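Q: here is a sequence with its predicted model. Questions after.
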Amino acid sequence: VRLADRDISLVFTNIHPSKSKPTATVMVVQDSTSQVLRQGVIGVGQTLSLEDLGVPVSFELDRYLGSAVLRVTEDPGLPLIFSGSLILLLGMILSLFFRYRKVWVAVLPDGDQSQVQVGGFTSKHKLAFTVEFNGLLGEIKAQ
């Protein structure tokens, strides 16, 4: 719409789709300065006239037609992402049930005999590892 020598735009910002009384918020904006020349709410059967702005145009909200937006997308990498997430989750669950522990046994010559050195490490369940490690030392000493 052209108003004198200025371009203006009619912008519908909010549409309230009430079944009994739908309304729309309307703004008349001057394009060059983004100045709002007129703002208001019109309902069904109401008219917005721009004649006082020097434009012989009027807009009427005749009726509201309901609409819905349905977005359909395709992501070919989605099965790979779900598979990786499932493997990661399974690994995390298994880490709760299995203990990570290391035991080192070194047999060193000591003249006519051999010396056995034993060491161990765990990052969790340290008390249980201590009991298990002492049992292992008892078995080694028994032999």
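A: Right, received. Where do you want to start?

Q: contacting residues for Ile87?
A: By C-beta atoms under 8 Å, 6 or more residues apart in numbering, no residues touch Ile87. No exception for glycine: its C-beta is placed from N, CA and C like everyone else's.

Q: tell me the SS of it?
A: helix (DSSP: H, G, I helix; E, B strand; the rest coil).

Q: quick one, strands of this protein?
A: Assigned by DSSP state E, the chain shows strands spanning 2-3, 6-16, 23-30, 35-43, 47-49, 58-60, 101-110, 113-122.

Q: is Phe12 in contact with Thr23, as I believe?
A: No. Between Phe12 and Thr23 there is no contact under C-beta atoms under 8 Å: 10.5 Å.

Q: so these two - more neighbours on which side?
A: Shown here are Phe12 and Thr23; by other C-beta atoms under 10 Å, Thr23 has more neighbours (17 against 12).

Q: now the more buried one: how far from Leu94?
A: Remark: distance between Thr23 and Leu94 (C-beta to C-beta, to the nearest Å) = 58 Å.

Q: repeat that for Val116.
A: 33 Å.

Q: same check on Ser58?
A: Separation of Ser58 from Leu94 (C-beta to C-beta) stands at 71 Å.

Q: before we move on, what about Val107?
A: Shown here: Val107 relative to Leu94, a distance of 33 Å by C-beta to C-beta.
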